[in-house]
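[1] sequence unknown, structure follows:
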């Protein structure tokens, strides 16, 4: 059951989200070693907007924390494709894979999964004080791209890659890979394991309870 896996879902995936989603707000320098492509430019535009919000003096005033968080979630949400991420986590053989869900069921799952991901990074996004992001290169193939970076924190460089899909001429992130580990694959493996011993309805019920608990905080 999902509850029994709460420790795993709150530690390793949290590390991936904190690195992959909240490292958009790097306070330090940005080094670009390779020539930027369209996908890299898209990521940089999101990073710049996140920095603008975090550095806005007015939004730092008492009572503005909720407004600032909503703005940050909006900016990140416009770059991260939660529906595509949801589709890929449920592209599994057991239970009720994505293709078998109704439109209403898909919308519910996306909303619940988004709440889970937002909860993992929302509290960290404003506190990140890393030294910067180093852009390595960009690889593209048709409508897919991977922007490879390294996160600079102290003397450590952590490989972090953004995988993006071009939808209607907009590059959107569908996966984050931290030091070789995929966020989407991690959740897909967890959901697959849950569905081996339970039902899709049970999985959604546990996600719903987790989502309600988050919203009530």
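    Yep, that arrived. Keep in mind it's a predicted model, so treat the numbers as computed, not measured.

[2] continuing past the helix ranked longest in the chain, what's the next helix or strand?
    Longest helix of the chain, by residue count under DSSP state H: helix 103-125. Note on helix 103-125: by DSSP states H and E, the next helix or strand toward the C-terminus is strand 132-141.

[3] which strands or helices does that next one pack on?
    Secondary-structure packing of strand 132-141 (3 or more CB pairs under 8 Å, 6 or more residues apart in numbering; DSSP states H and E): strand 29-32, helix 38-55, strand 144-153. From N, CA and C alone the C-beta is placed, and that goes for glycine too.

[4] output the lowest mean pLDDT helix or strand found in this structure.
    Across the helices and strands of the chain, mean confidence by mean pLDDT, DSSP states H and E is lowest for strand 29-32: a mean of 42.

[5] distance between the host helix or strand of residue 202 and the chain's centre?
    Using DSSP H and E, residue 202 sits within helix 200-216. Distance of helix 200-216 from its chain centroid, counting by CA atoms, centre = their mean, to the nearest Å, is 19 Å.

[6] tell me the buried residues in that helix?
    200, 203-204, 206-207, 210-211 (16 or more other CB atoms under 10 Å).

[7] pLDDT weak spots in the protein?
    1-36, 94, 120-131, 217 (pLDDT under 70).

[8] 50 - rerun?
    1-8, 10-16, 18-19, 21-35 (pLDDT under 50).

[9] surely residue 184 is in contact with residue 174?
    Yes: Residue 184 lies in contact with residue 174 (CB atoms under 8 Å); the separation is 7.2 Å.

[10] the nearest residue to residue 96 once chain neighbours are set aside and residue 191, how far apart?
    Among residues not flanking residue 96 along the chain, residue 200 sits closest, at 3.6 Å (CB to CB, 6 or more residues apart in numbering). As judged by CB to CB, to the nearest Å, residue 200 and residue 191 stand 9 Å apart.

[11] residue 145 contacts residue 139, correct?
    Yes: counting by CB under 8 Å, residue 139 is a contact partner of residue 145 at 6.7 Å.
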